[in-house]
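Asker: Provide a 3D model corresponding to the input given below.
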Amino acid sequence: MSSVRRCGTPKETTVEELDVLVVGAGLSGLGMGRWLRVHHPRRTFAILEARGATGGTWDVFRYPGVRSDSDMYTLGYGWRPWRRRESMAAGSDILDYLRETAAETGADAHVRLHHRVVSADWDSATARWRVDVAVGNPQEGPTTSRTFHARWLFSAAGYYRHDQGHDPVFVGRDDFAGEVVHPQLWPEDFTHSGKRVVVIGSGATAVTLVPALVRGPEAASHVTMLQRTPTYVTSLPQVDTSALWIRRLLGERRGLAAVRRRNIAYAHWMWERARRDPEGTRRRLRAEARRALPSALDVDIHFNPPYDPWDQRLCLVPDGDLFRALSSDRAAVVTDHVDRFTRTGVRLASGTHLDADVIVTATGLELQFVGGVDLRVDGVTVDPGQLLTYRGAMLSGVPNFAFALGYTNASWTLKVDLVCEFVCRLLEHMDASGHAVVRPLPDPDTPRRPTEFAAGYVRRAQGRMPDQGEAYPWAGVTGFRQDRRLLDEQPLVDRHLHFSAAPPAEPRVATRLVEVAR
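Answerer: Numbers count the residues shown, from 1 in each chain. Modelled structure (predicted):
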């Protein structure tokens, strides 16, 4: 613990030595905790979480109806299958699953809550990361400082800011007499019962919110989904009856494994089919929407995006709940641009006015890399936008550092498990070969290109996120099966990985530092 800081007096800061420091206690961080517990039980590690609870995304989002946008047989960990009936699950059920998994594996014992990583600086002289952390809940009082030294740094912080979402400026916002709510900051005591709600957005959050807001005794009187650009939407069964049949036929363990393999293969086949025949896929998705929606609703306007399927993520809706909501008199979809907010709602570019008591700005995420940590190597700031990703898991030129980011066209966890396994294998190799440091280095003439995923939140972050190369291992891999072959079955070591031993005559790092307060 740090002593009280007084002007002109030394400040004593505890330094904790660890083998691995994991940033983030969500799906990725808790998963990495399990991999370290099982495959490196002698290594010391901690999972630092800036917030006051584990669960990451599934604890952050509390808006009505929050749920998975992937099937749970693949979103669940491969080593701890999802056993409930629901193929698409409520956020609260996913949170329970994560916390139960962390307790079973012992990963939760390594979590430090209210530990926000401020900066991480690699020191080549000691082959260590120096990680400065703010400890405490800033809403309850001043935080204290703590320093960690770690041989490895693993970012499990995802790719978006947890403390705020993308909230564009709307003209006249202060004129609106009702309430404006962003889904990422949904008030705990907020009620939409009997109110007229306009949801601005057309992505996964919006298509989840609309049917949830018109359901149950607390339903809104009417909900309008106001979208600037349509999104491709398709229905997925809430309960996969074929999966239940396979589990009964083969037994629980073998059945769950078979369903997972089937779902992985089917999702990849659907994605490849869409990329090979985008027009055919577009026709099929429009036909599905026409069958599910009333004839008066123009599918060619509201469900016919100007881009090809899977240029952006396809929205899955359980049992067609969005289509059912829009088929009722309680919900509607409008495709138009916002001109301005008024005192009583939203005026559109077409001149139409939407009356509202509540406006929900489901306008997307704000992306940031490594949780916004100030990342440095020997005091020089690392600019992720100038670097390349190596095997989708490491950064060019950055030593002993890895990160976990999921797929855009498949379940997040599929990639996370591959990355965690890859890092554990790399640690084993370094132990066996006597190496202390590894960094991936591209050839000087390696071409680079930004991600081709066209979602708005990705385009807004261009220049802040790392690029990729034209060929593996610098090019991003979009399919789990190909990625598994390359990460698991190809040689672990290639010419791009540069290893070195620990610095000679490394001094013993003191357990306490004395810093002069400024």
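Asker: for the rest of this, base every contact and every neighbour count on C-alpha atoms.
Answerer: OK.
Asker: ok, R146 to D277 distance?
Answerer: Relative to D277, R146 is positioned 54 Å away (Cα to Cα, to the nearest Å).
Asker: same deal with P444?
Answerer: Separation of P444 from D277 (Cα to Cα): 37 Å.
Asker: more neighbours, the two?
Answerer: More crowded of P444 and D277, by other Cα atoms under 10 Å: D277, with 13 against 6.
Asker: could you check how far that one is from Y307?
Answerer: Counting by Cα to Cα, the gap from D277 to Y307 is 13 Å.
Asker: what's the answer for V493, then?
Answerer: 39 Å.
Asker: show me where the stretch 201-350 of the chain has helices.
Answerer: 204-213, 241-250, 252-276, 278-292, 299-302, 321-326 (DSSP state H, counting those that start in this stretch).
Asker: just those helices: most buried one?
Answerer: Mean neighbour count, computed with mean count of other Cα atoms under 10 Å, is highest for helix 204-213 among the helices of the stretch 201-350 of the chain, reaching a mean of 24.
Asker: where's V416, which helix or strand?
Answerer: Assigned by DSSP states H and E, V416 belongs to helix 412-433.
Asker: now that helix: buried residues?
Answerer: Going by neighbour count (16 or more other Cα atoms under 10 Å), the buried part of helix 412-433 is 412-427, 430.
Asker: gap between it and the chain center?
Answerer: With Cα atoms, centre = their mean, to the nearest Å as the basis, helix 412-433 stands 19 Å off its chain's centre.
Asker: ok, stretch 14-32 next?
Answerer: Worked out by Cα atoms, centre = their mean, stretch 14-32 lies 17 Å from the chain centre.
Asker: and the end-to-end length of that stretch?
Answerer: Span of stretch 14-32 from end to end, Cα to Cα: 25 Å.
Asker: ditto for stretch 346-366
Answerer: Distance between the two ends of stretch 346-366: 24 Å, counting by Cα to Cα.
Asker: what residues does it touch?
Answerer: Stretch 346-366 is contacted by residues 160-161, 164-168, 177-183, 192, 195-203, 205-206, 336-341, 344-345, 456-457, 461 when judged by Cα atoms under 8 Å, 6 or more residues apart in numbering.
Asker: the spatially most central residue of the chain - nearest residue in space that isn't next to it in sequence?
Answerer: Closest to where the C-alpha atoms of the chain average out (Cα atoms, centre = their mean) is G158, at 4.4 Å. Excluding its sequence neighbours, the residue lying closest to G158 (Cα to Cα, 6 or more residues apart in numbering) is L405, at 6.0 Å.
Asker: what sits against that neighbour?
Answerer: Each residue near L405 by Cα under 8 Å, 6+ apart is listed here: 156, 158-159, 392-393, 412, 415-416.
Asker: and which of those residues is nearest V66?
Answerer: W412 (16.4 Å; Cα to Cα).
Asker: could you find the closest non-adjacent residue to that closest one?
Answerer: Closest to W412 by Cα to Cα, 6+ apart is G406, at 4.0 Å.
Asker: where does pLDDT dip in this structure?
Answerer: The model of the chain has pLDDT under 70 over residues 1-13, 449-464, 477-478, 504-518.
Asker: okay, domains of it per the record?
Answerer: The record assigns the chain these domain ranges, following automatic domain parsing: 10-162+366-508, 173-361.
Asker: out of the helices of the stretch 201-350 of the chain, nearest to T126?
Answerer: Per Cα to Cα, nearest to T126 of these: helix 252-276, 43.1 Å.
Asker: quick one: list the elements packing against the closest one.
Answerer: The helices and strands touching helix 252-276, judged by 3 or more Cα pairs under 8 Å, 6 or more residues apart in numbering; DSSP states H and E, are helix 72-75, helix 241-250, helix 278-292.
Asker: that one versus helix 412-433: what angle between them?
Answerer: Going by axes from the mean of the first three to the mean of the last three Cα atoms, to 10 degrees, helix 252-276 is angled at 110 degrees with respect to helix 412-433.
Asker: and helix 252-276 with helix 278-292, angle?
Answerer: Angle, helix 252-276 to helix 278-292, by the same axes, to 10 degrees: 110 degrees.
Asker: quick one: contacts of helix 252-276?
Answerer: Here helix 252-276 makes contact (Cα under 8 Å, 6+ apart) with 73-74, 81-83, 243, 246-249, 280-281, 309-310, 409-410, 479-480.
Asker: so how far is that helix from its chain's centroid?
Answerer: 21 Å.
Asker: mind naming the longest strand for the protein?
Answerer: Secondary structure of the chain per DSSP state E: the longest strand is strand 10-23.
Asker: so which elements touch it?
Answerer: The contact analysis (3+ Cα pairs under 8 Å, 6+ apart) places strand 10-23 against helix 27-39, strand 45-48, strand 144-155, strand 512-516.
Asker: may I have the strands that pair with that strand, each with its orientation?
Answerer: Note on strand 10-23: by DSSP bridges, its sheet partners are strand 45-48 (parallel), strand 144-155 (parallel), strand 512-516 (antiparallel).
Asker: what's the closest of those strands to D378?
Answerer: Across these, D378 has its closest neighbour in strand 144-155 (14.0 Å, Cα to Cα).
Asker: ok, then the element right after the closest one?
Answerer: Of the helices and strands lying after strand 144-155 in sequence (DSSP H and E), the nearest is strand 179-181.
Asker: can I get the following helix or strand past that following strand as PDB, trimmed to CA atoms?
Answerer: Going down the chain from strand 179-181, the next helix or strand is strand 196-200, by DSSP H and E. Extracted in PDB, the C-alpha atoms of strand 196-200 (Å, rounded to 0.1, in the frame of the first residue of the first chain):
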ATOM      1  CA  ARG A 196     -42.800   6.700 -26.800                       C
ATOM      2  CA  VAL A 197     -39.200   5.700 -27.600                       C
ATOM      3  CA  VAL A 198     -37.100   6.400 -30.600                       C
ATOM      4  CA  VAL A 199     -34.000   4.200 -30.900                       C
ATOM      5  CA  ILE A 200     -31.400   5.700 -33.200                       C
END
